[in-house]
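Trainee: Output the structure for:
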Amino acid sequence: MELCKNIFFNTDKLTPNSEIKISYTGRFFQDGSEDVYIHYGFGPNWDNVNDIKMEKSDLGFQAELTLEDNENLSFCFKNGNNEWDNNDGKNYVFPIEHIE
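Mentor: Below you'll find the predicted structure:
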């Protein structure tokens, strides 16, 4: 599912404690960067920040991560030259849906 331009998830809903795959076809994929990392955290304060090196494929850069039981997932990307794609300073923020 594409939730915004150049960001794809392998699921229709982000739910707590689930494993997801993120695919990125943004600026760093388009400019031929070799190394791209996803920098992510949870909730409004970016709790439990992590960096994962993404795997490059014909479909973009991809990474798998486990969602926490929090209100949202926030992330941005950086390449091997320490350049950032942070959605024009807004970061990429997606809600984690809690199903009752």
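
Trainee: middle-most residue in the protein, spatially?
Mentor: residue 75 (5.0 Å; CA atoms, centre = their mean).

Trainee: can you tell me which residues contact that one?
Mentor: 22, 38-41, 91-92 (CB atoms under 8 Å, 6 or more residues apart in numbering). Quick note: C-beta positions are derived from backbone N, CA and C, even for glycine.

Trainee: how does it look with 10 Å?
Mentor: By CB atoms under 10 Å, 6 or more residues apart in numbering, the contact list for residue 75 reads 7, 22, 24, 38-42, 46, 49-52, 63, 65, 86-87, 91-94.

Trainee: what does residue 4 give?
Mentor: 26, 87, 92-94.

Trainee: Secondary structure element for the residue nearest to the centre of the chain, which one?
Mentor: strand 72-79 (DSSP states H and E).

Trainee: For that strand, which strands pair with it and how are they oriented?
Mentor: strand 36-42 (antiparallel), strand 84-85 (antiparallel), strand 92-95 (antiparallel) (DSSP bridges).
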